[in-house]
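# After the sequence you'll find the predicted model.
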Amino acid sequence: MQANPYLGFNGQCEAAFKFYAQLLDGKITFMQTWGDSPACEHMPAEAQGNIMHSTLDLGGSILMGADSPPGSYEEPRGIHVTLHYKDAAEGKRIFEALAEGGKVTMPFQATFFSTGFGMCTDRFGIPWMVHCEQPA
């Protein structure tokens, strides 16, 4: 069994997934608009180009996501997508890219439990945590 985050967006899914694919060295394996789906007749014209479903392969884990139908988007609350790194410099690089244009909740820094840890919400509204391993 594998559990995968499913991210909801308010019209920015395509841009977000392209950004995540580049930043996280992933590959988009599926992306379909509402207009190209069997649900197209149920979506208003202005939402036809929004993403109905997308899958991003991160080489061992998967992110999935979609644009919410008009009027049904809700900001994520009470959950973060967490990335784990062995190298604090790499973790910091990823954190800074995710935080750019977004909101930093906790600046990336060494903690009692990590060589580097930070929390942010990216410019697409997705909450992230970046955690770097503490040596044993």
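Structure received.
# contacts, neighbours, all on C-alpha from now
OK.
# Neighbours of the nearest residue to Leu24 once chain neighbours are set aside, how many?
The shortest distance from Leu24 to any non-neighbouring residue, by CA to CA, 6 or more residues apart in numbering, is to Leu58 (7.0 Å). For Leu58, the neighbour count with other CA atoms under 10 Å is 15.
# Could you do Lys86 as well?
For Lys86, the neighbour count with other CA under 10 Å is 15.
# cool, the one 5 residues further on as well?
Close neighbours of Gly91, defined as other CA under 10 Å, add up to 23.
# Next: the one 5 residues further on.
By the measure other CA under 10 Å, the count of residues near Glu96 is 19.
# so for the helix or strand containing it, what's the average pLDDT?
For Glu96, the enclosing helix or strand under DSSP states H and E is helix 88-99. Helix 88-99 comes out with an average pLDDT of 98.
# Enumerate the positions of the host helix or strand of Leu7 that are buried.
If you go by DSSP H and E, Leu7 is part of strand 6-9. Neighbour-count burial for strand 6-9, with 16 or more other CA atoms under 10 Å as criterion, is recorded at 7-9.
# ok, now which ones touch Ala110?
Shown here is Ala110, whose contacts under the criterion CA atoms under 8 Å, 6 or more residues apart in numbering are 116-117.
# how near is it to Phe117?
Summarising the geometry, the distance separating Ala110 from Phe117, computed by CA to CA, to the nearest Å, is 6 Å.
# Quickly run through the sheet partners of the strand holding Leu7, with directions.
The sheet places strand 6-9 alongside strand 62-67 (parallel), with pairing taken from DSSP bridges.
# Check what pLDDT the residue positioned nearest the centre of the chain gets.
Within the chain, the residue whose C-alpha comes closest to the C-alpha centroid is Ile126; the distance, by CA atoms, centre = their mean, is 5.7 Å. At Ile126 the predicted local distance difference test score is 98.
# Quick check, it in contact with Pro76.
Yes. At 6.8 Å, Ile126 counts as touching Pro76 under the criterion of CA atoms under 8 Å.
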